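>>> take a look and give me a structure for this.
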Amino acid sequence: MAAEQAPYLTQLDPETSNRLSARQLAALALLQDQFDVDKDKLQVIVDQFQNEFKIGLEHVLHINTTTSNPPNQQQQQENENNHQSAAQTQQQPNSRSIKITLPMLPTFIHNVPNGEEKGLFLALDLGGTNLRVCEVRLNGDKTFSIKSDKYLLSDEIKTGTAEELFDYIADCVKAFLLQLGHVLSDDEKLHLGFTFSFPVIQSALAEGKLMDWTKGFKASGAVGFDIVKLLQDALEKKKVPVHCNALVNDTTGTLMARAYQSGSALVGAIFGTGTNAAYVERLSAVKKLTGHQSPTFQKADKMIINTEWGAFDNSRNVLPVTKYDNKLDRESINPRKQAFEKMVSGMYLGELTRNVLMDMIDEGVLFEGREEHLRKIEDVIRGQFGLVDRAIGTAADWIVIKRVCEIVATRAARLSAAAIATVIKQTEADSSSSLANDQKISIGVDGSLIERYENFIDRLKRGLRDLFDDQVYRKIEIELAKDGSGVGAALCALQAKNRRTNSLFSLEFRTSRSENSFHYISRMFGIPSFHPLCFCDKSTFLYLLDSENLAIFGFRDICYIVNITQQKEHAEKVDNFCVDRVCIEKVKRKVVHFGTQTQDCRMRKTVWISSLSNLESAVHDMYIHHNI
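Sure, this is the predicted structure:
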């Protein structure tokens, strides 16, 4: 019988089995076979995971904005053009023929905390059934204190317009600050980290365009737009003195929080309403960002990558898909998407179980085929597990229901193990050289399945044991990252506040001869190619991003990301460049034009990038340096 082929499941004892009819035993055996993820199947899934990781790290995923409506009429034409251009430029050469499922999104976070960080910050968490606003105080000794409040997200808010959603968020932040007694003054702006648990293509720590909604959200006018700008506009509209300076996925926040509390972390994973993970990847493996030659980037040999693994195997090549999964998918708001998430996350496990139970009722396996019994079970659950006047069904029925829940949840846990194992293998944390030191493979986890489903972690660990030998398995340490979405977002806000945004060359992109630097940067950051950004010749341009402290410029086959800081003491020295005057005219949406004036060059030992005026000199330094 199939039950004997799945040793990872708790076996029914003879006394319990004897209570079940032959029909019930056969139905459970069939179900177990359909949901089975044995050791060999796990390895097949890990192999496919690694393949999709590799593709995602090498290629940029196209943003589909065809269903997104602009937030207001004033931006309609401009954003419509922006979307069309961004959609055209997001794909890399030859990537249109490649099936990209996992976006493997760069977060532009290179460092993880060590527990010594201090400060008071706000955190905002959007991504599930509630909106949470937090005030986080980091004590600098791996501890923190937090005050928070939750605000209900109605279906009307989640599926309305982006303007309505972000106005509501701003109202909640304002109410929270007033509740804590904060004085709402522009003189005391608070820094906020925004945990936004949806797939976003980030161009900077405080910039990111929404790729698509998941987890029941469908607010129009958001896909393809900068989420931080939508939030900041709403905060300013509602006169809330808060500056959002970090956009963080909840998995990144979980990883950061785990590192703060333990001193290190490799993975941050969420198993809750949805599922996803972020991990620390070697920059050399992120092929779509190859060519970074700047001193700053050379020092940072790693980056946190947001996998968005909920979209794994949307083609359903290796996942154990059943008719119950197919029914759930057809009836979801996003059919043929998030295949992995629909087998793992809390949002779907209950409905998946209900589909199984309804089928068993139809087949006469449960409650003698009477559906009203299942409705009474729902009444019990809705009544906070209260008692009913009489027993529902038989003892055998309840044994079957319990077993169905176990089978569905065990598959979810083992699939989760395959995902975590993929990260361990991808980062070579299981290699002999990595195992030689005493450092643990630290995995921070969070979410309702972790906190409230008693056996989920144990079943997940059993899956990892099936995939690794004892030497590796003993190194794996899975711990709850306490308040990852709040503390992690605060840590990212701190990093953004203190980041040395002064390096003249924070990133350098060296492109192929067949593609000039402007087209490359357009693809990477979704900058519309029709904008009047090309000056002097077709491959020389300057563009200021919406963050107001970030600019990009390029020459022939090289692009640079320029960070601007107002703090001279934090600026880095750039030696041995010629300086000449440059004319820069700032126009709307922070696009700038520049050109040269013929004057004698003068040598200057150091260039401080502390203002727009100094950026003028720095740009021309590079202009002369490359003999353009």
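>>> bridging residues for the closest residue to P106 other than its chain neighbours?
What sits nearest to P106 in space, not counting adjacent residues and going by CB to CB, 6 or more residues apart in numbering, is M303, at 5.8 Å. No exception for glycine: its C-beta is placed from N, CA and C like everyone else's. For M303, the beta-bridge partners are E281 (DSSP bridges).
>>> now do the helices in the stretch 101-250 of the chain.
For the stretch 101-250 of the chain, applying DSSP state H, counting those that start in this stretch gives helices covering 155-158, 162-179, 227-237, 250-262.
>>> what's the closest of these to L366?
The minimum distance between L366 and the helices of the stretch 101-250 of the chain falls on helix 155-158, with 30.7 Å, by CB to CB.
>>> in the closest one, what's buried?
I157, K158 (16 or more other CB atoms under 10 Å).
>>> and that helix, what does it pack onto?
Where contact means 3 or more CB pairs under 8 Å, 6 or more residues apart in numbering; DSSP states H and E, helix 155-158 is packed against helix 162-179.
>>> the inter-axis angle of the helix it packs on versus helix 227-237?
Relative orientation of helix 162-179 versus helix 227-237 (axes from the mean of the first three to the mean of the last three CA atoms, to 10 degrees): 60 degrees.
>>> residues touching helix 162-179, excluding its own?
Contact with helix 162-179 is made by 71-72, 122, 124, 126, 131, 133, 135, 149, 151, 157-158, 184, 190, 192, 219-222, 225, 230-231, 233-235, 237-240, 242, as judged by CB atoms under 8 Å, 6 or more residues apart in numbering.
>>> so for that helix, mean pLDDT?
Rounded to a whole number, the mean pLDDT of helix 162-179 is 96.
>>> in that helix, what counts as buried?
Per 16+ other CB under 10 Å, helix 162-179 contains these buried residues: 162-170, 172-174, 176-177.
>>> ditto for stretch 452-464
Of the residues in stretch 452-464, Y453, F456, I457, R459, L460, K461, R462, G463, L464 count as buried by neighbour count, 16+ other CB under 10 Å.
>>> between those, which is nearest N139?
Closest to N139, out of all of the buried residues of stretch 452-464 and judged by CB to CB, is I457, at 27.9 Å.
>>> would the closest one count as being in a strand?
No: applying DSSP: H, G, I helix; E, B strand; the rest coil, one finds I457 to be helix, outside a strand.
>>> and it, what pLDDT?
At I457, the model reports a pLDDT of 96.
>>> that one contacts I476, correct?
No: counting by CB atoms under 8 Å, I457 does not reach I476; the two are 11.7 Å apart.
>>> how many residues are close by the closest residue to I146 other than its chain neighbours?
Spatial nearest neighbour of I146, excluding adjacent residues (CB to CB, 6+ apart): V136 at 5.1 Å. As a burial measure, V136 scores 25 neighbours (other CB atoms under 10 Å).
>>> isn't V136 right next to A490, touching?
Yes: taking CB under 8 Å as the definition, V136 is a contact partner of A490 at 3.7 Å.
>>> now do the shared contacts for those two.
Common contact partners of V136 and A490 (CB under 8 Å, 6+ apart): F121, L122, A123, F144.
>>> so where's the stretch 451-600 of the chain uncertain?
499-600 (pLDDT under 70).
>>> same thing but 50
Scanning the stretch 451-600 of the chain with the threshold set as pLDDT under 50 gives 500-515, 517-518, 521, 524-525, 527-541, 544-550, 555-600.
>>> checking the closest residue to G193 other than its chain neighbours next. Helix, strand or coil?
Leaving aside its sequence neighbours, G193 sits nearest to A489 (CB to CB, 6+ apart; 3.2 Å). The three-state assignment at A489 reads helix, by three-state DSSP.
>>> wouldn't A489 be in contact with S197 here?
No: taking contacts as CB under 8 Å, A489 lies outside contact range of S197: 10.8 Å.
>>> any idea how far T394 lies from K402?
13 Å (CB to CB, to the nearest Å).
>>> these two - which one has more neighbours?
T394 (15 against 11).
>>> the domain parsing of the chain - what is it?
2-54+313-480, 114-263+485-499, 507-625 (automatic domain parsing).
>>> could you dump the ones you listed into CSV with distance to L283 added?
Converted to CSV, the domains of the chain look like this (distance: least, CB to CB, whole Å):
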stretch, distance to L283
domain 2-54+313-480, 12
domain 114-263+485-499, 15
domain 507-625, 11
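>>> nearest to E281, out of those domains?
domain 2-54+313-480 (6.6 Å).
>>> quick one: average pLDDT of stretch 130-150?
95.
>>> state which helix of this protein is the longest.
helix 395-426 (DSSP state H).
>>> may I have the beta-bridge partners of D446?
For D446, the beta-bridge partners are I270 (DSSP bridges).
>>> what's the local residue count around it?
Using other CB under 10 Å, the number of residues around D446 comes to 26.
>>> help me confirm that G444 is found in a helix?
No: counting by three-state DSSP, G444 is located in no helix; its state is strand.
>>> please list all residues in contact with it.
By CB under 8 Å, 6+ apart, the neighbours of G444 are 254-255, 257-259, 262, 265, 267-269, 479-481, 484.
>>> do the same with D250
For D250, the contact set (CB under 8 Å, 6+ apart) comprises D125, G127, T195, F196, S197, I270, N276, D446, G484, S485, G488.
>>> returning to that earlier point: between A489 and S197, which one's more packed in?
The residue with more neighbours, out of A489 and S197, is A489; 33 against 25, by other CB under 10 Å.
>>> how much space between that one and D167?
As judged by CB to CB, A489 and D167 stand 21 Å apart.
>>> and for E454?
Using CB to CB, one obtains 40 Å as the distance from E454 to D167.
>>> for stretch 26-42, list the C-alpha coordinates in PDB.
The C-alpha coordinates for stretch 26-42 follow below in PDB (Å, rounded to 0.1, in the frame of the first residue of the first chain):
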ATOM      1  CA  ALA A  26      -8.000   2.800  -0.100                       C
ATOM      2  CA  ALA A  27      -8.900   6.400  -0.400                       C
ATOM      3  CA  LEU A  28      -6.200   7.500   2.000                       C
ATOM      4  CA  ALA A  29      -3.600   5.300   0.200                       C
ATOM      5  CA  LEU A  30      -4.500   6.800  -3.100                       C
ATOM      6  CA  LEU A  31      -4.300  10.300  -1.700                       C
ATOM      7  CA  GLN A  32      -1.000   9.600  -0.100                       C
ATOM      8  CA  ASP A  33       0.300   8.400  -3.400                       C
ATOM      9  CA  GLN A  34      -0.900  11.500  -5.200                       C
ATOM     10  CA  PHE A  35       0.700  13.800  -2.700                       C
ATOM     11  CA  ASP A  36       3.900  11.800  -2.200                       C
ATOM     12  CA  VAL A  37       7.200  13.600  -2.300                       C
ATOM     13  CA  ASP A  38       9.800  10.800  -1.600                       C
ATOM     14  CA  LYS A  39      13.500  11.300  -1.500                       C
ATOM     15  CA  ASP A  40      14.000  10.700  -5.200                       C
ATOM     16  CA  LYS A  41      11.200  13.200  -6.100                       C
ATOM     17  CA  LEU A  42      12.700  15.700  -3.700                       C
END
